[in-house]
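Undergrad: sequence first, predicted model second:
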Protein chains: 2
Amino acid sequence: MHCGEMGSRWGFNRTVGQMYGLLIIHEDALSAMQISEALNISRGNVSMGIKELQSWRLVQVQHKPKDRKEYYSPAGSIWEMATRVFEERRKREVDPTLSLLRDNLLDEPANQKEVFAQKQMHEIHDLLETVTHWAGELQSMSPDNLNTLMKLGSGISKVISLKDKLINKG
Amino acid sequence: MHCGEMGSRWGFNRTVGQMYGLLIIHEDALSAMQISEALNISRGNVSMGIKELQSWRLVQVQHKPKDRKEYYSPAGSIWEMATRVFEERRKREVDPTLSLLRDNLLDEPANQKEVFAQKQMHEIHDLLETVTHWAGELQSMSPDNLNTLMKLGSGISKVISLKDKLINKG
DNA sequence: CTGAAGTTTCAGTAATTTCTGAAAGTTTAA
DNA sequence: TTAAACTTTCAGAAATTACTGAAACTTCAG
């Protein structure tokens, strides 16, 4: 049961984390009432938690025949869960920062201090943009390719320099 | 000035974020008193914020000759700042999860439900471990290599399949 | 030593976030 | 329609987190 604890470290709050943990370790879908009883939280809180998890695209709703209740279960594989959390966090944490920086860079610097400030902001902006773009590219790769890449680890630099040599020869 | 706002989205709280933002856009180091005045926060709060930023290895202390005050400035380049935030967040968010999962996987499953639960935890564990390991490898690469890699983007799969062909031929 | 100039700590307060439960809303079988 | 069975909403309470400011601590020049 303490498995739910770890949820609080990720983007959402304690109970939302617990709810998601609960859904993941249960093979079959759970009703809102079951969740509320298992975790000892109010029915209303479950409803809000589910909404939150849905906004992260992490749970899906199922219906059982002859039963009006809604049953919830994790949406997608563990792999998909990871990419979704990653993507949503990027949207919430990086994207607003990027657009704020962009706005600031449009202003004309009024003095020496602002020139420096903009230089710094520019660097942060470029870095975030490169990383964001790369993250997008990685997500577009097949899990298999991505796995190969990760297993290669830093060995990737050898492969890249190999490629460079081939190109230079050709 | 609203530049400080964005700080609240990253791992630390609003004022700590503001403090760090302030230090980044200022070319010269600032004293605790200057920070407290610029952001309109108490002297004690600045002290706690600095401590927090130091725990993230993001600020350094300087001393000016003929002056007993401590002056603070960002530690390292923008690039280093990014890798540090990334690394520290991993330590705080991923590592405890990993060790919790490891502990759980040592227990013998008592019934069918626990078998499933462990299967899920195992998957999460392996995924986090692979990603953590990869992140470490990336950090050990030179910024230059890393940049080449990022610029390649998903084109990397072509390079990898090229490598495979070469190996199969040889 | 002494005390001036600084920093840190921490109890209490303020602000923010999360949770509850009752009321309002929705859906559907009859 | 109606009403039972469920879900959602949201105002206020509870819990958590962040901030203040005064006291304690540290350092160092004289």
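TA: That came in fine, so what should we check first? Numbers count the residues shown, from 1 in each chain, chains lettered A, B, ... in the order given.

Undergrad: domain map for chain A?
TA: Structural domains of chain A, as assigned by automatic domain parsing, span the residue ranges A:2-74, A:78-143.

Undergrad: out of the ones you listed, which is closest to residue B:158?
TA: For the domains of chain A, distance to residue B:158 was read as Cβ to Cβ. The smallest value, 11.0 Å, belongs to domain A:78-143. Heads up, the C-betas are built off the backbone N, CA and C, glycines and all.

Undergrad: and that closest one, how far out from the chain middle?
TA: Taking the mean of its C-alpha atoms, domain A:78-143 sits 14 Å from the chain's own mean (Cα atoms, centre = their mean, to the nearest Å).

Undergrad: hmm, that domain touching chain B?
TA: Yes: part of domain A:78-143 sits near chain B under the criterion Cβ under 8 Å from any Cβ of the partner chain, namely A:78-79, A:82, A:92-93, A:96-97, A:100-101, A:104, A:113, A:116-117, A:120-121, A:123-124, A:127, A:130-131, A:133-134, A:137-138, A:140-142.

Undergrad: list the buried residues of the longest helix anywhere in chain A.
TA: Under DSSP state H, the helix in chain A containing the largest number of residues is helix A:112-140. For helix A:112-140, the neighbour count (16 or more other Cβ atoms under 10 Å in any protein chain shown) marks A:116-118, A:120-121, A:123-125, A:128, A:134-135, A:137-138 as buried.

Undergrad: by contact count, what packs against that helix?
TA: Using 3 or more Cβ pairs under 8 Å, 6 or more residues apart in numbering or on different chains; DSSP states H and E as the contact criterion, the neighbours of helix A:112-140 among helices and strands are helix A:78-89, helix A:95-106, helix B:14-25, helix B:78-89, helix B:143-152.

Undergrad: identify all contacting residues around the third one.
TA: Residues from elsewhere that reach helix B:14-25, judged by Cβ atoms under 8 Å, 6 or more residues apart in numbering or on different chains: A:116-117, A:120-121, A:124, B:3-10, B:12, B:29-30, B:35, B:38-39, B:41, B:45-46, B:49-50, B:52-53, B:58-59, B:72-74, B:81.

Undergrad: stretch A:34-49 near chain B at all?
TA: No: with Cβ under 8 Å from any Cβ as the threshold, stretch A:34-49 lies outside contact range of chain B, at a closest distance of 12.5 Å.

Undergrad: so how far is that stretch off the chain centroid?
TA: Distance, stretch centre to chain centre, for stretch A:34-49: 24 Å (Cα atoms, centre = their mean).

Undergrad: CA atoms only for that stretch - export them in PDB, please.
TA: C-alpha atoms of stretch A:34-49 as PDB (Å, rounded to 0.1, in the frame of the first residue of the first chain):
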ATOM      1  CA  GLN A  34     -13.700   1.600  -4.700                       C
ATOM      2  CA  ILE A  35     -10.900   4.100  -5.000                       C
ATOM      3  CA  SER A  36     -12.500   6.300  -2.400                       C
ATOM      4  CA  GLU A  37     -12.700   3.400   0.100                       C
ATOM      5  CA  ALA A  38      -9.300   2.000  -0.700                       C
ATOM      6  CA  LEU A  39      -7.600   5.300  -0.100                       C
ATOM      7  CA  ASN A  40      -9.900   6.700   2.500                       C
ATOM      8  CA  ILE A  41     -10.700   9.900   0.700                       C
ATOM      9  CA  SER A  42     -13.900  11.500  -0.100                       C
ATOM     10  CA  ARG A  43     -16.000  10.700  -3.200                       C
ATOM     11  CA  GLY A  44     -15.600  14.300  -4.400                       C
ATOM     12  CA  ASN A  45     -11.900  14.200  -4.100                       C
ATOM     13  CA  VAL A  46     -11.800  11.100  -6.300                       C
ATOM     14  CA  SER A  47     -13.900  12.900  -8.900                       C
ATOM     15  CA  MET A  48     -11.400  15.800  -9.000                       C
ATOM     16  CA  GLY A  49      -8.400  13.400  -9.000                       C
END
